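J.: sequence and predicted structure below; questions after.
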Amino acid sequence: VLSILLFAPCHQWYGAYSQAKGDELGMVLAAEKAKQDADIRWGHALVTQHPADADAHFRRGLAYLNAGRGELALADFTRATQLDPTTDPRPFAWHAWTYHVPRQIGPALADARRAVTLAPEKVGPRVHLAAVLCWAEREVEALAQLEIAERLEPQDAWVHRVRALVLLEKGSAAEALVSARRATGLGPGSATSLGVEGECLAALERYEEAIRSFDRALELAPARKHLYVERAKCNYDLGNWRQCIRDLDTAIRIDPNYDEAYYGRAETHYLRKHYRLALKDVTRVLELVPNDPAAATLRGAVFTELGRHVEALSDHCAAVRLDPDNPFRFYRRAISYHEAGQSERAIADLTKAIALRSKEAEYYRLRGLCYLYSWKLQSAIRDYDRALELDPDDARSYAERSCARALVGDLRGALSDAKEASVRDPTVLLP
């Protein structure tokens, strides 16, 4: 509030307060926005007074970064590294950090290593380097840098937080939780540490505990948009749809261009069969991130449910083109081909998906169904056999194999499969 009174013009403050009256989050957002603007103005003043001072550009860059203006922050950090290329590691470290937004891993690694070279005994540059190595999927090297950082400063919560995130990327959620709780113990009033702890608990499928961690984090920092998204994921997995949507709505209110929140809301609407709402949200994601294969796949699935097969196939083809090594992209396109009556193309896509991931029962089941519709009955039975080897409790595979067996004259086998299907799922339907 003090920063608003000191730095914001009175009419802007009054307008922000009027809009936020009776709305606690609105007031927090207005205050935070005013503080960010004030910090940027202060940075402008520093650069105006000292245009050749690396520290002035660095501080304005931090102000831009805190306000979510990554490109302007990158420009200031670049200028700071040019003005002082030999003594101050901070512009190089934060330059590397800012590069992760456009995922320019090569330049980010070069800057992070330069920062460590300039200050090998400082913790900050090594933590930045570890983060960049994690983005580059080099988790072992990242953990090695964090070990050095911990020897330099064993009580630094930041080191333990980043280690937890690296371990999560490595798939070691239990170890990550130990590091996250160490960070929380070192800084119990840190919303960031509580948020990381929540992410670790969610990775271990301890969703209710994760939600409690996110609740505590949001009490401390109610304007952290990513915490709402993480809590929404937990509610999604618990089937708490209303709370999930409410959290995603809040995240979008904080940042109307937050693509991850739109994507999560689109997924939730899709699961609840609210396809038109899902279409609106996932289209917004593709406006913000045009080359997102996951969003293209989701919109293709929505179009399929709406019976708009041409548009569905267009999106699925785009997803395959953008992410050709992901079997799920071929699987989803195969569903669209199957729904459009193009069984041969569906079979070709499922064959590619199986080549990329050979132990996915659903891929064999769907290819078996496509063979069944094409009257390639022995091929269908072979695929259903393989699907049931991988997932012996899949009622749909039994039901569909029952039809295939009946059509080749194996009535006893068909009856046996039909019984197995009804035992596992009394509601299962024959194709």
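T.: Perfect, thanks for sending it.
J.: so which bits of stretch 172-183 are buried?
T.: Buried residues in stretch 172-183, defined by neighbour count with 16 or more other Cβ atoms under 10 Å: 172-173, 175-177, 179-183. In short, each C-beta sits where N, CA and C put it, glycine included.
J.: so which of these sit within strands?
T.: For these, not one is inside strands, with DSSP state E as the criterion.
J.: let me have these in a markdown table, extended by pLDDT and distance to L109.
T.: Shown next, in a markdown table, are the buried residues of stretch 172-183 (pLDDT from 0 to 100; distance: Cβ to Cβ, whole Å):
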| residue | pLDDT | distance to L109 |
| --- | --- | --- |
| S172 | 93 | 23 |
| A173 | 94 | 26 |
| E175 | 95 | 25 |
| A176 | 95 | 23 |
| L177 | 95 | 28 |
| S179 | 95 | 23 |
| A180 | 94 | 25 |
| R181 | 94 | 30 |
| R182 | 93 | 27 |
| A183 | 93 | 25 |
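J.: spell out for me which residue occupies the centre of this structure.
T.: E260 (6.4 Å; Cα atoms, centre = their mean).
J.: which one is that residue nearest to, not counting chain neighbours?
T.: Excluding the flanking residues, the one nearest E260 by Cβ to Cβ, 6 or more residues apart in numbering is V229, at 5.6 Å.
J.: tell me the contacts of the one you found?
T.: 247-248, 251, 258, 260-261, 264 (Cβ atoms under 8 Å, 6 or more residues apart in numbering).
J.: quick check: the nearest residue in space to Y331 that is not next to it in sequence vs V302, distance?
T.: The shortest distance from Y331 to any non-neighbouring residue, by Cβ to Cβ, 6+ apart, is to A353 (4.7 Å). Separation of A353 from V302 (Cβ to Cβ, to the nearest Å) stands at 20 Å.
J.: what is the longest helix of the chain by residue count?
T.: Longest helix of the chain, by residue count under DSSP state H: helix 24-49.
J.: buried stuff in the helix or strand following that one?
T.: As assigned by DSSP states H and E, the chain's next helix or strand after helix 24-49 is helix 54-66. By neighbour count on 16+ other Cβ under 10 Å, the buried set for helix 54-66 is 54, 56-65.
J.: now do stretch 223-235
T.: Of the residues in stretch 223-235, 223-225, 227-235 count as buried by neighbour count, 16+ other Cβ under 10 Å.
J.: what helix or strand does the residue nearest to the centre of the chain sit in?
T.: Assigned by DSSP H and E, E260 belongs to helix 259-271.
J.: name the next helix or strand downstream of that helix, please.
T.: Remark: after helix 259-271, the chain's next helix or strand is helix 275-288, criterion DSSP H and E.
J.: helices or strands up against the helix or strand just after that next one?
T.: Proceeding N to C from helix 275-288, the next assigned helix or strand is helix 293-305, under DSSP H and E. Under the contact criterion of 3 or more Cβ pairs under 8 Å, 6 or more residues apart in numbering; DSSP states H and E, helix 293-305 touches helix 259-271, helix 275-288, helix 309-322, helix 327-339.
J.: relative to R114, which of those is closest?
T.: For these, the distance to R114 is smallest for helix 259-271, at 30.8 Å, taking Cβ to Cβ.
J.: the inter-axis angle of that closest one versus helix 293-305?
T.: 30 degrees (axes from the mean of the first three to the mean of the last three Cα atoms, to 10 degrees).
J.: hmm, back to that, among the contacts of V229, which one sits closest to V127?
T.: Using Cβ to Cβ, E260 is the member of the contacts of V229 that lies nearest V127, at 23.7 Å.
J.: mean pLDDT per helix and strand in this structure: which one sits at the bottom?
T.: Across the helices and strands of the chain, mean pLDDT, DSSP states H and E gives its lowest value to helix 2-7, namely a mean of 34.
J.: and G341, helix, strand or coil?
T.: Put simply, G341 is coil when judged by DSSP: H, G, I helix; E, B strand; the rest coil.
J.: what's it sitting at in phi/psi?
T.: Main-chain dihedrals, G341, degrees, to the nearest 10: phi 80, psi 20.
J.: picking up where we left off before, the longest helix of the chain versus helix 54-66: what angle between them?
T.: Put simply, helix 24-49 runs at 160 degrees to helix 54-66, going by the same axes, to 10 degrees.
J.: pull out the buried positions in helix 24-49.
T.: Result for helix 24-49 [16+ other Cβ under 10 Å]: buried residues 26-27, 29-40, 43, 46-47.
J.: run through the residues that contact A387.
T.: Listed by Cβ under 8 Å, 6+ apart, the contact partners of A387 are 361-362, 364-365, 368, 394, 397.
J.: can we see that at 10 Å?
T.: 360-369, 394, 396-398, 400-401 (Cβ atoms under 10 Å, 6 or more residues apart in numbering).
J.: with L168 instead?
T.: Contacts of L168 by Cβ under 10 Å, 6+ apart are 134, 139, 175-177, 179-180, 196, 199-200, 202-203.
J.: kindly reformat those as a markdown table containing distance to Q104.
T.: A markdown table is the format used below for the contacts of L168 (distance: Cβ to Cβ, whole Å):
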| residue | distance to Q104 |
| --- | --- |
| C134 | 15 |
| E139 | 19 |
| E175 | 29 |
| A176 | 26 |
| L177 | 31 |
| S179 | 27 |
| A180 | 28 |
| V196 | 25 |
| E199 | 25 |
| C200 | 28 |
| A202 | 29 |
| A203 | 27 |
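J.: noted, bye for now.
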